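Asker: structure of the sequence below:
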Amino acid sequence: MQSFRTEIENQVVAKDILELERKIHEFHGGKLDEEKFRSLRLARGVYGQRQEGVQMIRIKLPYGKVTSKQLLRICDVSDEYSTGRLHITTRQDIQIHYVDLNRTPQLWSELEKDDITLREACGNTVRNVTASETAGVDVDEPFDVSPYAHALFQYFLRNPVSQEMGRKFKVSFSASDADTGLSYMHDLGFIAKIENGEVGFKVMLGGGLGSQPRHADELYSFLPADQIIPLMETVVRVFDRYGERKSRAKARMKFLLKDLGLDGFKELLAAEKTAVPFDTFPIDPEDYPKTKVSDLKVPAVEIADSKEFEQWKSTNVVPQKQPGYVALGIKVLLGDFYTDKARLLANLVQKYAAGELRLSLRQNILIPFVKEGNVEFFYTELMKLGFAEAGYNKALDITACPGTDTCNLGIASSTGIAEELERVIKTEYPDYINNEDVVIKISGCMNACGQHNMANIGFQGMSVRTKDKLVAPALQVLLGGSNDGNGQGRFADKVVKVPSKRGPEALRLILNDFDANGGDLSFPDYYAEKGQMYFYDFLTPLSSVDDLTAEDFIDWGNTERYEKAIGVGECAGVVIDLIATLLFESEEKIQNAQDMFDAEKWSASIYHAYSSMVNSAKAMLTSENTKVNTHVSIIKDFDEKFVADGRIAVAGGFEKLVLQLNQNEPTKEFAASYIKDAKVFLETVAKFREQELAEA
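Answerer: This next block holds a predicted model:
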């Protein structure tokens with residue numbers, strides 16, 4: 001790999017990119033364990049693909065906002081380092097695929113020239129902060145949540161409290177009680193509120209999807225806006241220390257909250273407050289960039305098909321609270337669009353709107369601040385780009401993850417079946433183009449990246465086995481999920497599993513019954529009235545595997561016979577001394593602590609020192625094959641196995657030493673003392689390890 005030097009002026013960012021390059025060298029040279037490299041790589045947006053030898057790059061776009069200039073930069077990077085295809089995710093990111101690992105530092109450096117980051121887009125970190133795509137223009141919002149989402153994003157970016165958690169942490173902001181940010185399925189969800197003239201949020205805690213969806217608990221009915229960042233830091237600190245680390249299946253916030261209970265979790269929050277550097281963190285919305293709309297006059301246009309235009313207008317024009325303006329929705333099939341069209345779109349928005357686009361949770365694009373008089377012009381221009389299909393955020397607008405196209409975890413195709421279901425709706429159920437009561441979502445596996453288990457009608461990729469032990473692709477059909485607003489939602493029930501090629505027929509049966517018997521009910525209420533067994537009865541005949549044809553063994557979008565398989569692994573590292581690697585990391589963490597101390601960031605320096613001590617204890621416990629599931633268990637087990645019998649001397653015990661963290665305010669004096677303790681502890685552990693190896 002050729003040497004690389006970044007041109008980025010921000011030295012923190014430049015150091016980060018150069019660190020990624022250094023770690024890639026170490027990994028290729030066999031000096032860095034594969035698992036540790038994976039953790040570092042993921043926290044920098046570099047994700048292994050199903051296809052061997054290439055990476056998926058996730059570009060982090062807070063609350064889905066991307067400027068025209070940024071989109072043009074992303075297009076340049078995609079053309080240079082990838083294939084020219086851009087994929088919008090259900091977390092308002094953009095992903096590009098088939099990237100050479102060795103080129104990722106250069107790619108990142110190019111993006112940062114327009115203030116675009118990869119940092120913490122993946123990995124066990126605070127992921128992209130999402131929000132309602134209509135934030136700032138929503139006719140029902142009490143205020144614009146964008147400045148608050150942006151401030152939270154900035155505060156946690158590279159924050160040491162959220163770099164190496166047991167699992168990822170997801171946050172959302174909803175513009176109004178419609179809860180279009182889906183707060184009830186997030187680790188932390190904020191819904192905009194005003195009480196007695198004060199700006200704040202309803203706070204939801206501990207929601208999640210996956211194989212075991214959990215509805216979030218209400219933590220606060222109202223929390224003043226200047227307390228949301230201190231609250232989240234406290235929550236993340238508790239999650240980092242008490243959350244599961246060994247078993248990924250139990251490592252999310254929802255499981256910790258389930259185990260502790262809401263009251264037990266609140267007790268830990270109260271105990272942690274002393275260590276948080278701020279009681280309040282004011283966010284001034286006036287500091288947020290002001291919108292500037294172009295005054296350029298658009299050319300006159302004629303609409304060729306007025307009926308088609310009116311259909312598009314009825315589904316894709318979104319009212320805006322600013323008089324004289326509307327927002328335009330672009331339905332993006334499967335979230336995929338290409339750089340040639342993206343460039344033209346970016347230039348169009350820059351020239352005639354506000355130079356800003358919003359990516360949505362349903363993998364679409366919203367153009368805000370279009371003058372009402374310019375709608376016809378925009379429609380004709382979007383038609384030229386293939387971006388004027390009706391049905392934005394309606395039943396026709398199906399959400400799907402990449403599935404087996406590129407994801408290592410995909411079990412069955414989600415994109416192929418999504419295309420077929422959209423075709424069925426468009427051709428056989430044209431009235432549903434205007435129907436917003438039926439939300440359809442598809443995931444290629446149980447992890448729910450396509451959010452299938454909160455949909456009205458959901459499909460999850462699976463496999464099915466015949467009596468002859470032949471394996472065919474299948475779909476779990478889920479029904480009845482919904483977003484009921486203001487932090488309330490329903491998760492879909494698993495109804496029946498059918499071979500994938502029967503997915504369209506399952507949809508037909510469901511929609512036909514809804515049309516015949518739904519009456520004036522919404523689909524979720526219709527499902528609730530009928531009940532799970534009602535649907536099971538008329539869908540069960542589709543589940544039989546006794547009469548499968550050759551076609552049933554070929555998944556949607558494929559030509560070859562289906563084979564259930566997790567994608568090929570990433571390149572293997574050679575065997576190395578894991579304990580030595582962990583202790584080396586502890587040294588790096590202490591250096592990070594010292595760097596933060598020198599920058600007068602006392603809280604950050606303290607947390608790096610804490611991480612160093614826990615990491616050193618983890619190294620010694622790992623050497624004795626002791627489970628290291630949580631920080632709390634590491635701290636207690638180290639005392640029991642090393643301190644109690646005098647093998648490693650720690651005055652007063654390791655727990656007392658390390659948990660000074662939450663007993664002291666983050667002052668300069670305490671930071672200096674705590675870093676010194678961390679250095680002494682590492683020296684003690686390293687000396688013990690050296691002696692242990694000498695005697696082996």
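Asker: for the closest residue to V54 other than its chain neighbours, give me its contacts.
Answerer: Using Cβ to Cβ, 6 or more residues apart in numbering and skipping the chain neighbours, the partner closest in space to V54 is Y98 (4.6 Å). Placement of C-beta: from N, CA and C, glycine included. Y98 makes contact with 49, 51, 54, 82-83, according to Cβ atoms under 8 Å, 6 or more residues apart in numbering.
Asker: are we agreed that Y98 is in a helix?
Answerer: No: checked against DSSP: H, G, I helix; E, B strand; the rest coil, Y98 lies outside a helix; its state is strand.
Asker: could you check how far it is from E419?
Answerer: Shown here: Y98 relative to E419, a distance of 21 Å by Cβ to Cβ, to the nearest Å.
Asker: and what of S623?
Answerer: Summarising the geometry, the distance separating S623 from E419, computed by Cβ to Cβ, is 52 Å.
Asker: those two - which one has more neighbours?
Answerer: E419 (17 against 14; other Cβ atoms under 10 Å).
Asker: how far does the one helix or strand the more buried one maps to sit from the chain's center?
Answerer: For E419, the enclosing helix or strand under DSSP states H and E is helix 415-428. Mean-position distance between helix 415-428 and its chain equals 26 Å (Cα atoms, centre = their mean, to the nearest Å).
Asker: again with stretch 535-543
Answerer: Average the C-alpha atoms of stretch 535-543, do the same for its chain, and the two points are 34 Å apart (Cα atoms, centre = their mean).
Asker: got it, and stretch 220-228?
Answerer: For stretch 220-228, the distance from its own C-alpha centre to the chain's C-alpha centre is 23 Å (Cα atoms, centre = their mean).
Asker: list the buried ones in that stretch?
Answerer: Counting neighbours by 16 or more other Cβ atoms under 10 Å, one finds that the buried residues in stretch 220-228 are 220, 223, 225-228.
Asker: what's the closest of those residues to E529?
Answerer: Y220 (33.3 Å; Cβ to Cβ).
Asker: so K497: helix, strand or coil?
Answerer: Recorded secondary structure, K497: strand (three-state DSSP).
Asker: ok, it touching V477?
Answerer: Yes: taking Cβ atoms under 8 Å as the definition, K497 is a contact partner of V477 at 7.3 Å.
Asker: who has more neighbours out of these two?
Answerer: When K497 is set against V477 and neighbours are counted by other Cβ under 10 Å, the residue ahead is V477, at 28 against 17.
Asker: list the contacts of the more buried one.
Answerer: Residues near V477 by Cβ under 8 Å, 6+ apart: 457-459, 494-498, 503, 506, 539.
Asker: just send those residues back as CSV, with pLDDT too.
Answerer: Conversion of the contacts of V477 to CSV gives the following (pLDDT from 0 to 100):
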residue, pLDDT
I457, 95
G458, 94
F459, 94
K494, 94
V495, 95
V496, 95
K497, 94
V498, 94
G503, 94
A506, 96
L539, 96
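Asker: in TSV: these, plus distance to T667.
Answerer: Conversion of the contacts of V477 to TSV gives the following (distance: Cβ to Cβ, whole Å):
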residue	distance to T667
I457	55
G458	51
F459	54
K494	53
V495	58
V496	60
K497	58
V498	62
G503	60
A506	62
L539	63
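Asker: for E198, the count of nearby residues, please.
Answerer: Under the criterion other Cβ under 10 Å, the count of neighbours that E198 has is 11.
Asker: and the closest residue to it other than its chain neighbours, its phi and psi?
Answerer: Distances taken as Cβ to Cβ, 6+ apart put P224 closest to E198, at 5.9 Å, once the chain neighbours are dropped. Reported as degrees, to the nearest 10, the phi and psi values for P224 are phi -50, psi 150.
Asker: any idea how far P224 lies from Y155?
Answerer: With Cβ to Cβ as the criterion, P224 and Y155 are 16 Å apart.
Asker: do M446 as well
Answerer: According to Cβ to Cβ, M446 stands 32 Å off from Y155.
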